[in-house]
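Trainee: sequence and predicted structure, then a few things I'm wondering about:
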Amino acid sequence: MADVNLAAMATMRSAFQLPVGYSDHTDGFEVSVAAVALGAAVIEKHLTLDRSAPGPDHAASLEPDDFKRMVGAIRNVEAALGDGVKAPRESEVGNVPVARKSIVAARALKAGEIIGPADITTKRPGTGRSPIEYWSLIGTAAPRALERDDPV
């Protein structure tokens, strides 16, 4: 496996400004799946009816069931790569209220007390201020008296 050098695909893609592929002569199909994850547009993998048949290619080839599994794994990786846009997907939207967190008081604070890093934390649910505001709250005054776990 140390001799595979999948990183060379990126070098070739950059040098030639063309799509790249991978000719896989390794045992199994993990390398083919990894090559697709790294941008291979084409995979060459030998297919055999009997891996124990004589000849140089049969041992590194896939029998039909494994070939089918490889193609399925490649299709899953292609789907998982997505479009590069970081935004909630339809399947995630329903989880947003329970998965997201809000900024809350880590301890009781008096109204006007200056908030330090140890004074606030994040907890579920995500119905209050977003954790992205954490650092902007440091050094500001508590807007009101807060008990531990109160939303800020």
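Mentor: It's in.

Trainee: pull the number of nearby residues for the nearest residue to Ala73 once chain neighbours are set aside.
Mentor: What sits nearest to Ala73 in space, not counting adjacent residues and going by Cβ to Cβ, 6 or more residues apart in numbering, is Val33, at 4.8 Å. Backbone N, C-alpha and C define where each C-beta goes, glycine included. For Val33, the neighbour count with other Cβ atoms under 10 Å is 22.

Trainee: how about Ala142?
Mentor: Neighbours of Ala142 (other Cβ under 10 Å): 20.

Trainee: before we move on, the earlier item: can you pull the phi/psi pair for the residue nearest to Ala73?
Mentor: phi -70, psi -40 (degrees, to the nearest 10).

Trainee: and the pLDDT at it?
Mentor: You'll see Val33 listed with a pLDDT of 98.

Trainee: gap between Ile120 and Pro19?
Mentor: 49 Å (Cβ to Cβ, to the nearest Å).

Trainee: higher neighbour count, these two?
Mentor: Per other Cβ under 10 Å, whichever of Ile120 and Pro19 has more neighbours is Ile120, with 22 against 12.

Trainee: that one bridge partners, please.
Mentor: Each beta-bridge partner of Ile120 is listed here, defined by DSSP bridges: Ala105.

Trainee: can you list contacts of stretch 115-134?
Mentor: Here stretch 115-134 makes contact (Cβ atoms under 8 Å, 6 or more residues apart in numbering) with 96-107, 109, 113, 137-142, 149, 151-152.

Trainee: of those residues, which belong to helices?
Mentor: Mapping these onto helices (DSSP state H) picks out Val96, Pro97, Val98, Ala99, Leu137.
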